[in-house]
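Chemist: task: produce atomic coordinates for the following.
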Amino acid sequence: MATITGVHRTRVSNWAREKTAGGTGGIIPFKHVRTLLAAAREQGVELSADDFLPREPSEAAE
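Modeler: Below you'll find the predicted structure:
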């Protein structure tokens, strides 16, 4: 992910960190979405822009 987006690996790990701990709370910054969608398409991975939207708490548990 870091290589694809051109950011340091610690930035990527911050995406998974809770907001209270200085992370993004599981949200990938929007500026990386197009790049990640293109990389997924090149690798044959099914991914859509909807996959980057925050989920409702009940959906995240599924």
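Chemist: what residues are up against the residue nearest the centre of the chain?
Modeler: The centre of the chain sits closest to Ile28, judged by C-alpha atoms, centre = their mean, with a distance of 3.4 Å. Residues in contact with Ile28 (C-beta atoms under 8 Å, 6 or more residues apart in numbering) are 15, 36, 52. C-beta: built from backbone N, CA, C; applies to glycine.
Chemist: narrow the residues you listed to those in strands?
Modeler: Among those, no residue falls in strands (DSSP state E).
Chemist: which of these are buried?
Modeler: 15, 36 (16 or more other C-beta atoms under 10 Å).
Chemist: just the closest of the contacts of Ile28 to Thr5, please.
Modeler: For the contacts of Ile28, the residue nearest Thr5 by C-beta to C-beta is Leu36; the value is 6.9 Å.
Chemist: the longest helix seen in the chain packs against which elements?
Modeler: Criterion DSSP state H: the longest helix present in the chain is helix 33-43. Applying 3 or more C-beta pairs under 8 Å, 6 or more residues apart in numbering; DSSP states H and E, we find helix 33-43 packed against helix 2-5.
Chemist: helices or strands next to the helix it packs on in the packing?
Modeler: helix 9-16, helix 33-43.
Chemist: which pLDDT value goes with Leu53?
Modeler: At Leu53, the model reports a pLDDT of 89.
Chemist: how close does it sit to Gly26?
Modeler: 11 Å (C-beta to C-beta, to the nearest Å).
Chemist: those two: which has the busier surroundings?
Modeler: Gly26 (13 against 9; other C-beta atoms under 10 Å).
Chemist: sweet, I'm off.
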